[in-house]
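Enquirer: Sequence below, structure please.
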Amino acid sequence: MRKFVVRFWIFFISCITLSWVFFYGIANWDLLGELPSTQQLENPKFYQASEIYSSDGALIGTYYTENRINVEFDELPNDLVYALIATEDKRYYTHSGIDFRGLGRAILGAAIGGKGGGSTITQQLAKMLFTKNPSPNIIDRIKQKLKEWVMAVRIENLYTKEEILTMYFNQYDFLHSAVGVYNASRVYFGKNLKDLSTEECASLVAMFKSPVLYSPIKYPERSKKRRNTVMALMRNSGYITSEAFEELKNKPLKVAKLDISDGNEYAAYFREHIRGFMKKWAKENDYNLYTDGLKIYTSIDSKMQREAEKAMTQHLKGELQPAFEKEWRKRKNGPFDFQTNSAEKEAKSLRKILYDGMRRSNRYQSVYYRQKHLLNAYDAYKKVKIPHDMMVDSLEKYKGALHEKEFDLKLLKRKDTLKYYEEQLIDKYQEEFDDLLSEYEGYQEEVADLKEELKKEYAEYQELLKPFDDSMKIVFNKKVKMKLFSWKDKRTITKEMSPLDSIFYHKKFLRGGLLSVDATTGYVKAWVGGINYKHFKYDHIRAKRQVGSTFKPFIYAAAIEHGMDPSTVIMNKEVTFYKGEYGIPQSWTPQNSGSKNLEYELITLKTGLAKSINWVAAGLTKKLGVYTAIEFARRFGLEGRLEPVPSICLGTADVSLWEMVSAYTTFPNKGERFEPITLLRIEDKNGKVLYEAKAKKHKVISESTASQMMEIMEGNTTRFEDNGKTIQGTGYRLRTGRKYGGYPKKVKISGKTGTTQSSSDGWYMGISNNIVTGVWVGCEDRSAHFRNGALGQGANMALPIWGYYMKKFVD
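Expert: Got it, this is the predicted structure:
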């Protein structure tokens with residue numbers, strides 16, 4: 001007996017020693033492979049989503065690799081913690097990482113063919129952090145398990161029980177782009193974490209068994225059954241009473257509506273704009289936008305943004321697009337109008353538009369960028385094209401400067417002005433003109449040389465491109481299942497058609513853009529870049545389009561700065577710019593599009609803008625000079641190409657909504673223009689401020705001129721008397737009984753409508769309550785437009801969107 005006892009203790013001590021050596025070896029000698037270091041365990045990688053907030057505190061989006069927003073332990077509902085412990089690890093607070101009783105029960109259960117997991121919460125966390133997916137090889141799987149045991153013990157030594165639970169809840173992937181319990185509560189129940197009910201907490205914990213099999217969205221019945229099992233375990237552990245369990249188990253499973261098919265996401269265009277800025281900022285400042293949990297605070301007002309998106313949809317979906325389709329229904333190539341009677345030319349023009357669209361499509365580009373020989377040829381072409389284009393741009397600037405200097409010289413040499421200037425000044429201007437001319441001619445020679453080289457490189461590139469292009473045309477003409485935009489509820493339909501036909505189909509949709517800015521701060525309050533980001537990713541806020549008559553206020557502001565006022569009386573008569581003036585090849589006489597009853601009548605400046613009379617704008621430009629008009633447009637912040645030709649006064653220039661809205665902030669803001677601000681502040685995940693926006697303000701016109709311009713533009717939306725006649729502005733329909741109208745007289749609205757040639761673009765610029773809002777509507781291609789001028793004018797295309805949008809935000 002004594003011998004047996006001695007042998008038993010020798011065996012027992014040997015087992016303990018061997019076990020100690022085994023675990024020590026795992027932990028320190030890497031017998032089972034490399035284990036995470038203490039530093040890694042102390043600082044596990046938690047990829048945290050960066051969040052975008054509106055100015056009123058609403059979360060409007062996230063950028064992420066894993067859509068995780070971490071929470072602290074005191075933010076976790078008690079029932080959530082209780083449900084987890086009752087279900088996954090009921091002795092959680094009594095073990096040190098490994099529950100040997102639970103492990104023994106699991107082994108015994110497996111031996112007799114039963115079920116039962118032996119992993120503690122800490123072991124599961126170790127697996128989530130470092131092991132990830134189990135190995136299919138049984139030996140490797142055993143090694144993984146042993147590693148998890150060691151890591152669990154280490155984690156328990158480094159962290160408190162509360163910290164471990166917090167990490168566990170933050171780390172778990174609930175699917176549907178919801179990593180961590182914070183996002184899971186929003187995705188599955190549309191609630192903040194603190195507002196979850198007991199049964200909702202149980203539903204989330206039910207998903208720890210399998211987020212796929214027990215998803216409340218995909219498998220509601222199975223999820224409910226598992227939820228009730230979790231609550232039964234909570235009852236058994238004393239966390240809820242039997243009475244509460246009986247009541248809760250019969251409650252229906254209510255989940256938030258998750259529509260992952262709808263690409264018309266809230267503030268999608270704005271979020272992409274912010275992404276562009278943030279990617280650049282993060283790179284320059286050594287941050288990762290997708291993993292560092294940055295807090296991005298923007299100028300957007302969440303209520304105004306929602307109303308803006310709603311207004312765009314309401315008008316385009318319910319009113320304008322149906323009218324557009326009705327007008328073109330019986331025409332073969334509608335809505336394209338190439339203004340030719342030749343069917344052959346029309347077909348050729350349409351083919352060009354469609355094949356250009358093909359080349360810009362993702363389907364084409366994804367194949368193109370795998371063709372190295374084409375990319376090399378294009379790089380060679382681009383090396384010549386970039387300097388060529390820069391030269392051409394410089395040439396245009398010199399050309400404009402030459403015209404301006406030539407105009408000044410002619411003015412100085414006129415008999416009626418000659419006596420006021422010394423001969424010396426004229427000589428100085430002549431010398432400057434000659435120097436400019438010499439430089440201009442030098443640039444012309446350089447451009448001519450580059451042009452020849454460019455032709456050669458382009459020809460070589462086209463020779464290589466053509467076979468590829470032809471092969472892609474065959475692909476694009478084959479019918480396949482296509483996902484297409486539709487104004488129906490889901491915004492996406494599936495239909496069999498060729499990719500080329502899908503391009504034609506999508507080009508028939510009217511697009512739109514809306515930008516709304518607080519004139520007193522420059523803060524952008526609403527940004528709608530298009531009708532649906534999923535299908536139309538091009539953002540029309542930055543797109544340059546002809547602005548039509550919305551350009552006229554810059555001319556009128558120049559006139560007031562030169563001594564006129566709203567009541568200045570002018571003769572509304574035909575104006576001609578003759579051949580040679582400002583370098584035009586032939587004489588030009590603009591025509592009025594309406595207000596025939598006011599022609600050759602004395603009218604006020606206010607009437608001229610209220611009725612958008614072209615003769616008045618042309619007459620003011622004739623008097624002030626084209627270069628003065630351009631100079632004022634530059635003052636207002638228009639930075640793009642402005643041709644020094646007389647037609648500039650009617651808005652032939654291409655300008656973006658961004659520039660136009662910024663320019664119009666000058667009028668309500670006492671003559672000062674703010675550059676629009678979208679991003680206010682960036683903080684790191686701990687709340688440290690990393691970036692703060694600084695307002696950029698420019699003095700444009702006097703306060704008096706700005707005030708008078710507001711008065712003049714009020715005429716756009718009112719009725720008033722002028723020389724015995726009742727004048728009704730082009731935006732007066734905002735005061736009528738239309739759905740988007742009904743604005744009372746006491747609500748002050750200053751504005752301007754704009755329509756371009758052939759009704760390709762419709763604009764409305766409106767100001768009320770110091771909010772400047774610009775709206776643009778048109779098709780992607782300018783040759784697609786309304787045929788009926790009344791339907792295609794800015795007052796019908798764009799103004800209604802402004803009307804729907806601003807109703808809730810005016811006094």
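
Enquirer: use CA for all of it now, contacts and neighbours both
Expert: Fine.

Enquirer: Buried ones in stretch 490-503, by neighbour count?
Expert: By neighbour count on 16 or more other Cα atoms under 10 Å, the buried set for stretch 490-503 is R491, T492, M497, S498, P499, L500, D501, S502, I503.

Enquirer: start to end distance for it?
Expert: Taking Cα to Cα, to the nearest Å as the measure, stretch 490-503 stretches 20 Å from start to finish.

Enquirer: next one: that stretch to chain centre, how far?
Expert: In this view, stretch 490-503 has its centroid 24 Å away from the chain centroid, taken as Cα atoms, centre = their mean, to the nearest Å.

Enquirer: which residues of the stretch 351-500 of the chain fall in strands?
Expert: 480-485, 492-497 (DSSP state E, counting those that start in this stretch).

Enquirer: how about these in TSV, adding mean pLDDT?
Expert: Formatted as TSV, the strands of the stretch 351-500 of the chain follow (pLDDT from 0 to 100):
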stretch	mean pLDDT
strand 480-485	96
strand 492-497	94
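
Enquirer: Let me have those strands in TSV, adding distance to R68 as columns.
Expert: As requested, the strands of the stretch 351-500 of the chain are exported to TSV (distance: least, Cα to Cα, whole Å):
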stretch	distance to R68
strand 480-485	30
strand 492-497	28
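
Enquirer: Work out for me the element the residue positioned nearest the centre of the chain sits within.
Expert: In the chain, the residue lying closest to the centroid (Cα atoms, centre = their mean) is Y269, at 1.8 Å. Using DSSP states H and E, Y269 sits in helix 268-284.

Enquirer: elements contacting that helix?
Expert: Counting contacts by 3 or more Cα pairs under 8 Å, 6 or more residues apart in numbering; DSSP states H and E, helix 268-284 is packed against strand 524-528.

Enquirer: Can you list the strands that the strand it packs on pairs with?
Expert: Paired neighbours of strand 524-528 in the sheet (DSSP bridges): strand 511-518 (antiparallel).

Enquirer: who touches the partner strand?
Expert: Contact with strand 511-518 is made by 308, 312, 523-531, 539-541, 657-658, 661-662, 665, 676, 770-780, as judged by Cα atoms under 8 Å, 6 or more residues apart in numbering.

Enquirer: Those residues in strands, which ones?
Expert: Per DSSP state E, strands hold the following members of the contacts of strand 511-518: 524-528, 771-778.

Enquirer: Give me the subset of the buried residues of stretch 490-503 lying in helices.
Expert: When those are checked against helices (DSSP state H), the matches are P499, L500, D501, S502, I503.

Enquirer: Relative to Y381, how far out is K451?
Expert: 11 Å.

Enquirer: which of those two has more neighbours?
Expert: Y381 (20 against 17; other Cα atoms under 10 Å).

Enquirer: Let me see the contact set for the closest residue to the more buried one other than its chain neighbours.
Expert: Excluding its sequence neighbours, the residue lying closest to Y381 (Cα to Cα, 6 or more residues apart in numbering) is E457, at 5.0 Å. With contact set as Cα under 8 Å, 6+ apart, E457 has these partners: A377, A380, Y381, V384.

Enquirer: Can you tell me which of these are buried?
Expert: Buried, going by 16+ other Cα under 10 Å: A377, A380, Y381, V384, out of the contacts of E457.

Enquirer: any chance of these in TSV, with distance to D565 too?
Expert: TSV is the format used below for the buried ones among the contacts of E457 (distance: Cα to Cα, whole Å):
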residue	distance to D565
A377	59
A380	57
Y381	54
V384	51
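
Enquirer: Just put those residues in CSV and tack on pLDDT.
Expert: Shown next, in CSV, are the buried ones among the contacts of E457 (pLDDT from 0 to 100):
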residue, pLDDT
A377, 93
A380, 92
Y381, 90
V384, 88
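
Enquirer: Tell me which two in those are the farthest apart.
Expert: A377 and V384 (11.5 Å; Cα to Cα).

Enquirer: doesn't F433 make contact with E406?
Expert: Yes - here E406 reaches F433: they are 7.1 Å apart, a contact under Cα atoms under 8 Å.

Enquirer: So these two - more neighbours on which side?
Expert: Legend: neighbour count by other Cα under 10 Å for E406 and F433, higher for F433 (19 against 16).

Enquirer: Let's see the pLDDT reported for the residue nearest to S656 when sequence neighbours are not counted.
Expert: Nearest residue to S656, sequence neighbours excluded (Cα to Cα, 6+ apart): K544, at 4.3 Å. K544 carries a pLDDT value of 97.

Enquirer: where's Q546 relative to W776, distance?
Expert: Counting by Cα to Cα - Q546 and W776 are separated by 10 Å.

Enquirer: Need the overlap of contacts for those two.
Expert: By Cα under 8 Å, 6+ apart, the residues touching both Q546 and W776 are D761.

Enquirer: Counting neighbours, go ahead and name the busier of those two.
Expert: W776 (29 against 23).

Enquirer: So the more buried one sits against Y764, correct?
Expert: Yes - if you go by Cα under 8 Å, W776 and Y764 touch, sitting 6.8 Å apart.

Enquirer: which neighbours do the two share?
Expert: Joint contacts of W776 and Y764 (Cα under 8 Å, 6+ apart) are A798.

Enquirer: Show me the shaky parts of the stretch 701-811 of the chain.
Expert: 811 (pLDDT under 70).

Enquirer: Could you pull out the helices in it for me?
Expert: Chain-ordered helices for the stretch 701-811 of the chain, with DSSP state H, counting those that start in this stretch as the definition, fall at 703-714, 789-792, 794-797, 799-806.

Enquirer: For the stretch 301-450 of the chain, which residues score under the pLDDT cut-off?
Expert: In the stretch 301-450 of the chain, residues with pLDDT under 70: 400, 403-405, 407-426.

Enquirer: switch the cut-off to 50
Expert: Low-confidence segments of the stretch 301-450 of the chain (pLDDT under 50): 416-421.

Enquirer: returning to what we had before: how big is the angle separating the helix holding Y269 from strand 524-528?
Expert: Calculated by axes from the mean of the first three to the mean of the last three Cα atoms, to 10 degrees, helix 268-284 forms an angle of 110 degrees with strand 524-528.

Enquirer: Tell me which helix or strand comes right after helix 268-284.
Expert: strand 295-298.

Enquirer: In the sheet, which strands lie alongside that following strand, parallel or antiparallel?
Expert: strand 50-53 (parallel), strand 679-683 (antiparallel).

Enquirer: got the domain boundaries for this protein?
Expert: Per automatic domain parsing, the domain ranges recorded for the chain read 1-31, 66-258, 371-476, 518-525+543-677+695-789.

Enquirer: Using JSON lines, lay out those together with distance to S54.
Expert: JSON lines is the format used below for these (distance: least, Cα to Cα, whole Å):
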{"stretch": "domain 1-31", "distance to S54": "49"}
{"stretch": "domain 66-258", "distance to S54": "17"}
{"stretch": "domain 371-476", "distance to S54": "39"}
{"stretch": "domain 518-525+543-677+695-789", "distance to S54": "9"}
